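J.: here is a sequence together with a model predicted from it:
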Amino acid sequence: MAIGAARPRQLSRSLDLSAVRIETARLRSDRAVSAFWQWWAEAGARRSAAAVESGDVRRVVPEITSLIEAIDPGLSWEFVPGEAGGPHRFTVTAAGVPELRGAARRWLSGAPSGDETWCFGDLREPVSGCAMFFRGRRLAFDQAEVVVDVGLSQADVTVHHPGFAGLRGPDAGIAAYLLLDAVCGEAAVELWVGRIRANAIAPGDDAVSLAALPLILRELARDNVDETGDPAWHILHGETTWGPMVAVVRVPLVALSAPEFDRHVALRVPYTDVEDGGLPGPWSLPGLRDLEDHLVDRIGVNGECVGAESCDGRRLLHFYVDSTTPAHEQLRVAASGWEQGDVTMTVTDDPGWRQVQHLRV
């Protein structure tokens, strides 16, 4: 493996001042994706296959690393040789950084169809074998134990391994993450694992083997789909400075669920029928539901609503949209006819979905 109100009003809005810079970076990244796949078609596929088959991938590492870093310096890449005559796997991954998930997916979207020599992915698959090496240390999978705190839509995991002893700075945390990736696969970790901690000290009686974690995550995933197999929606209750809050959220609230939607649009919608405690009353509720359906229909495939918070006479709608489309402007126009007050909109470029992490439980 090589790792290298009453009447329609004009909406007010605040657009992140860095948007122009971000869009410029996106265009530069897209050009780099095109350059990579041109190189691959002309010479890269042949030279990379020869390097993998010879057992010496070092001769292509510098060139591939340079091309991948031009897409985004934070991306990681690796070759996994094919087994039993199968194709070699070329993976470019965000390596646990949600903000890079869109860049990795754009790289994959440009890939050719797989063939007998190569297949492509933007997520690490679970690995075969019994150990991994990190900073010169062999970390055996069967020596790893985990303590799992399962929530509604995520599991916090503490990884215990004696090999973590002596690792400095953030290295133990990195090793813990890589162990989870190796055994569970990157998709399961990004979708369903929340906080990851590392500990070299032997765990208590509530620990299970690392090998048991994939099943725990599969069960968590099954609990978070509806009867049709679509992502589930959960109702959350909380208390705020302004009174009680009720939220409805789609799970999982992570960038990997829709990496092409990299722009957060927050719509603050006032309602006039306010019950005690600030929540919407029966006169306002149908209008709020109709507005949300109208907004979703308006943007179509260019975005989605992932949550709504109701508190203190306002509903905050969370949308994620594709920044290369006019979806946020479509939302602004579609919401401008709301008759129960002025709707305000805030647009933030947020490829890591940080704006909704307070709703992930």
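T.: Cool, got the structure. Numbers count the residues shown, from 1 in each chain.
J.: and the strands in the stretch 101-250 of the chain?
T.: 118-121, 131-134, 137-140, 145-150, 155-160, 193-199, 208-209, 233-240, 243-250 (DSSP state E, counting those that start in this stretch).
J.: in the second one, which residues are buried?
T.: By neighbour count, and taking 16 or more other Cβ atoms under 10 Å as the criterion, the buried residues in strand 131-134 are 131-132, 134. Bear in mind the C-beta positions are built from the backbone N, C-alpha and C, glycine included.
J.: and what of the fourth one?
T.: By 16+ other Cβ under 10 Å, the buried positions in strand 145-150 come out as 145-148, 150.
J.: again with the last one
T.: For strand 243-250, a neighbour-count test (16+ other Cβ under 10 Å) marks 244-250 as buried.
J.: dump stretch 105-115 to CSV, keeping only the CA atoms.
T.: What follows is stretch 105-115, C-alpha atoms only, in CSV (Å, rounded to 0.1, in the frame of the first residue of the first chain):
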residue,chain,number,x,y,z
ARG,A,105,-15.5,13.0,-4.7
ARG,A,106,-14.8,15.3,-7.7
TRP,A,107,-11.6,13.4,-8.4
LEU,A,108,-13.6,10.2,-8.4
SER,A,109,-16.3,11.7,-10.6
GLY,A,110,-13.7,12.3,-13.3
ALA,A,111,-12.4,8.7,-13.2
PRO,A,112,-12.8,6.4,-16.2
SER,A,113,-14.8,3.2,-15.9
GLY,A,114,-12.9,0.5,-14.1
ASP,A,115,-11.3,-2.3,-16.1
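J.: ok, the most centrally placed residue in the chain - contacts?
T.: Centroid-nearest residue in the chain, with Cα atoms, centre = their mean: residue 255, separated by 2.4 Å. Going by Cβ atoms under 8 Å, 6 or more residues apart in numbering, residue 255 touches 98-99, 101-102, 262, 351-353.
J.: 7 Å instead?
T.: Listed by Cβ atoms under 7 Å, 6 or more residues apart in numbering, the contact set of residue 255 reads 98, 101, 351-353.
J.: same deal with residue 353?
T.: Contacts of residue 353 (Cβ under 7 Å, 6+ apart): 98, 253-255, 320.
J.: repeat the analysis, applying 6 Å as the threshold.
T.: By Cβ atoms under 6 Å, 6 or more residues apart in numbering, the contact set of residue 353 is residue 255.
J.: also residue 243?
T.: Residues in contact with residue 243 (Cβ under 6 Å, 6+ apart) are 277-278, 312.
J.: try 10 Å
T.: 276-279, 311-313 (Cβ atoms under 10 Å, 6 or more residues apart in numbering).
J.: with residue 263 instead?
T.: 15-16, 19, 22, 302-303, 319-325, 327-328, 347-351.
J.: same question for residue 280.
T.: 246, 269-274, 286-289, 310-311, 313-315, 340.
J.: for it, which residues make a bridge with it?
T.: Residues in a beta bridge with residue 280, per DSSP bridges, are residue 274.
J.: let me know whether residue 186 touches residue 217 as I believe.
T.: No: the pair residue 186 and residue 217 does not pass the contact test of Cβ atoms under 10 Å, sitting 11.8 Å apart.
J.: pull up the overlap in contacts between these two.
T.: Counting by Cβ under 10 Å, 6+ apart, the residues touching both residue 186 and residue 217 are residue 180.
J.: before we move on, back to that, want to throw the strands of the stretch 101-250 of the chain into a markdown table with distance to residue 92 and mean pLDDT?
T.: As requested, the strands of the stretch 101-250 of the chain are exported to a markdown table (distance: least, Cβ to Cβ, whole Å; pLDDT from 0 to 100):
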| stretch | distance to residue 92 | mean pLDDT |
| --- | --- | --- |
| strand 118-121 | 8 | 96 |
| strand 131-134 | 19 | 93 |
| strand 137-140 | 24 | 94 |
| strand 145-150 | 28 | 96 |
| strand 155-160 | 25 | 97 |
| strand 193-199 | 21 | 95 |
| strand 208-209 | 31 | 96 |
| strand 233-240 | 32 | 95 |
| strand 243-250 | 27 | 96 |
